[in-house]
Structure formats: structure tokens, C-alpha cells
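In: Whatever this is, show me its structure:
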Amino acid sequence: MSVHVIDRDVQFRGLSSEQREQMMIQVAKRYYELDMTMGELSKELRLTRLQASRLLTEARQTGIARIDIFPVSPRRPDIESRLQKLYKLKEAIVVPGHDDAENSTFLMDNVARAAARFIASLGKLAVLGFSWGRTMSALTRHLPPFWNEGIEVVSLNGATNVRSTSQLSNNVAERFAQTANGTATLLPVPAILGQEATPIAFEQDPTIAKNLEMGRQAPVICFGLGVVNPESVLAQSGFISQNDVTWLREKGAVGDLLSRFIDARGDIVDASFEARTIGLHLSECSNRDLSIGVSVGQNKHAVTLASQRAGYMNVLVTDEQTALFLLSRDASK
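Out: The predicted model follows:
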């Protein structure tokens, strides 16, 4: 038996380039198109499994066999792979489409749907940390019923509106949990407070301290990215004023994550403003199994790039134009 295997190996190594190419085609065709197992095609072609495996690998490397990925849902896997490589992401999900006046709502909905599908596909999770806002609100509408029954959904930043709006932050938390027949653990305080001493006092409260700690321990977190303008959720909810918007822009703010404003390098813009913010610190985002950022639209380009450079997320769900913007920029600071 051993002599027979050696003879076959000698014969295999003696193939000409043309013969080897034909063998690669035969192996690849049987494996990919005829759905034969490695054992079946090896026997039919009188090869060892190792020889067949080498031929199949070589067929892929030389381009004789190419694997094209055609997802049923709208995706750009070619761009996703480039993003993952450039920014060292665990996963990237890129939805095709352009951000314009006619399609912005449609695009937001498609990106939110893609994020919801990804989260629902993660399997059984005991705890999920989340932020709130328009993006997260859209995401909850696409989570399938009972996608993770009994999950504990934990708020990562303050979630009590100062001003009544249609984007009630607590409602997002409750909807998120309700879709999975789970429970929502909230931070029943404003995201940004008026004095630096107030968050310190709040965080010493046993209930709030416990909820904050749950967020810090969540292995998977998901958050949207915000902009610095009067139409932002933080401004519309009464957490920041028009004067704050102007001042933050002058300080170099490009947007926010978890109500914390960052500059183009991903650094916190101002220490005193940061001290008035309650919730998960950005330095705690990177030490997660999955830190999922969801970003849509041209006005989010700068904050998405800053967040990627700072390493706040290892999973990005976004639109095609945002992804191409990121690929056109230097990934380093």
C-alpha cells in the first residue's frame, strides 16, 4: 500500500504545467460544481486526499477557481474585506447605496436592517450593551421576534430626555428588549449634566452604579455615531444647546459616541465637558468581544473615521459611500 502511494506521488510530481492545470480544473469542477467530497473526487481521479487538497488550493491561488460571494441581502463583500484588512475589524457590513435627499431615509433603513440581522445572528447572548438615538431606534424595528429570548439589554449612556421629542431614548431601550422578550436595564439619568459634580454623585448611587457596571461587563455592545449640529439627537433632546454646538465645533469636535464628543483623532474634545457626561467611557469600548458601530450618511464620515482610527469599534455596519470614504483615508492618526 505504501509503495502504491509513493508511486502515485512520484507520478503527481512529474506532471507538466499543462497536465497540472488540467488536474486543477478537474478537481475544482468536481468539488465546487459537482458537489463531490474530497474523498469521492480523490478516488475518481486516483489521487490522495493530500494531492487533491493541494491542487484545489493551487487552483484558488492561481485564479483557475474563484469564489464569488453573492449575499441574498444587499451587501458589498468586496468593500467589506478591504475595510476589515485596513482597519483590522472583526467584521464589516457594507450596504450599497448613495446618501442623498431622496434616498437618505431608505439608506438609513437598509443599514439598520443589516445591523439588526447581524446582531440577531450572533446566537445566545446573556447581556447586550446599547446606546440610543435615531440609528438605534431604526435598528429595533428590524429585529425579528424572540431573536434572543431572555436577553438583558443594558443602556450604556444616560437615557432620560431633558426635552420631550419623538425620539424618546427610553423607548428605544424598551423596544430593543421587547423584541427578544428580554429585560431592559436603563440609566435613568440625563446623558449630559449641568455640573461636573453631578455625575459623580449619580454614580455613587447603588442602583446607577450597578447599572453602569453591567454595561462595563457586557461582552457585546452596539452604538450609533452622532454629529455636532442643532439637528442632532443630543441637541433635539435638550442635552446640548446651540451655544454648546458652536463651542464644540470650535474645539474640533467631529461627532459623538455614547454622548462623548471626539475630535478627528478620536480623542475627547474637552475634559470639563467629558466630566459632565455619564455612561460608558470610550476607553472601555475596545475591550469587548464585539464593539459594533452603526453609521450612515455623509455627515457621519468624519466621526466614523475618527472612531475607526481610535479603535473604538471592531465591527462596522455602514453604507457604501461611507466605506469608500474610509478606504480613501489613512487608517493611522
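
In: what residue ranges in this structure are flagged as low confidence?
Out: Along the chain, segments meeting pLDDT under 70 span 1-14, 69-72, 101-102, 160-170, 333.

In: what do you get if the cut-off is 50, keeping everything else the same?
Out: Applying pLDDT under 50 to the chain picks out residues 1-8, 10, 168.

In: What residue spans form the domains of it?
Out: The record's domain split for the chain, according to automatic domain parsing, is 2-62, 77-327.

In: Out of those domains, which is closest to Asp68?
Out: Ranking the domains of the chain by their distance to Asp68 (criterion: Cβ to Cβ) puts domain 77-327 first, at 8.9 Å. For the C-beta atoms, the positions are set from N, CA and C on the backbone; glycine is no exception.

In: For the stretch 1-150 of the chain, just list every one of the helices.
Out: Ranges of helices within the stretch 1-150 of the chain are 2-13, 17-28, 38-45, 49-62, 77-87, 104-120, 134-140, based on DSSP state H, counting those that start in this stretch.

In: likewise the stretch 201-333 of the chain?
Out: Counting by DSSP H, counting those that start in this stretch, the helices of the stretch 201-333 of the chain are 206-217, 233-236, 242-250, 271-275, 301-310, 320-327.

In: and among those, the most buried is which?
Out: Each of the helices of the stretch 201-333 of the chain was scored by mean neighbour count; the highest is helix 301-310, a mean of 23, by mean count of other Cβ atoms under 10 Å.

In: now the angle between helix 320-327 and that one, please.
Out: Per axes from the mean of the first three to the mean of the last three Cα atoms, to 10 degrees, the angle that helix 301-310 makes with helix 320-327 is 50 degrees.

In: quick check: angle from helix 301-310 to helix 77-87?
Out: Using the same axes, to 10 degrees, the inter-axis angle of helix 301-310 relative to helix 77-87 is 50 degrees.

In: Going by contacts, tell me the helices and strands next to helix 301-310.
Out: With contacts defined as 3 or more Cβ pairs under 8 Å, 6 or more residues apart in numbering; DSSP states H and E, the secondary structure elements packing on helix 301-310 are strand 220-226, strand 255-257, strand 260-262, strand 290-295, strand 315-319, helix 320-327.

In: Export the longest one to CSV, keeping only CA atoms.
Out: Coordinates of the C-alpha atoms in helix 320-327 are reproduced here as CSV (Å, rounded to 0.1, in the frame of the first residue of the first chain):
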residue,chain,number,x,y,z
GLU,A,320,-21.1,52.1,0.6
GLN,A,321,-20.2,55.8,0.4
THR,A,322,-19.0,55.9,4.0
ALA,A,323,-17.0,52.8,3.5
LEU,A,324,-15.3,54.2,0.3
PHE,A,325,-14.5,57.4,2.3
LEU,A,326,-12.8,55.3,5.0
LEU,A,327,-10.8,53.4,2.4
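
In: could the domains of the chain go into TSV alongside distance to Asp68?
Out: Output for the domains of the chain, formatted as TSV (distance: least, Cβ to Cβ, whole Å):
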stretch	distance to Asp68
domain 2-62	11
domain 77-327	9
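
In: before we move on, back to that, now the helices and strands packed on helix 301-310 in JSON lines, with distance to Leu15?
Out: Below are these laid out as JSON lines (distance: least, Cβ to Cβ, whole Å):
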{"stretch": "strand 220-226", "distance to Leu15": "50"}
{"stretch": "strand 255-257", "distance to Leu15": "57"}
{"stretch": "strand 260-262", "distance to Leu15": "58"}
{"stretch": "strand 290-295", "distance to Leu15": "46"}
{"stretch": "strand 315-319", "distance to Leu15": "44"}
{"stretch": "helix 320-327", "distance to Leu15": "41"}
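
In: And these: which comes nearest Arg82?
Out: Counting by Cβ to Cβ, and looking across all of those, nearest comes helix 320-327 at 5.8 Å.

In: so what secondary structure elements neighbour that closest one?
Out: helix 77-87, strand 91-95, helix 301-310.

In: for these, which one sits closest to Ser283?
Out: Among the helices and strands packed on helix 320-327, the nearest to Ser283 by Cβ to Cβ is helix 301-310 (9.5 Å).

In: can you list contacts of the closest one?
Out: Residues from elsewhere that reach helix 301-310, judged by Cβ atoms under 8 Å, 6 or more residues apart in numbering: 87, 225-227, 254-257, 262-267, 282, 293, 295, 313, 316, 318, 322, 325-326, 329, 331-333.
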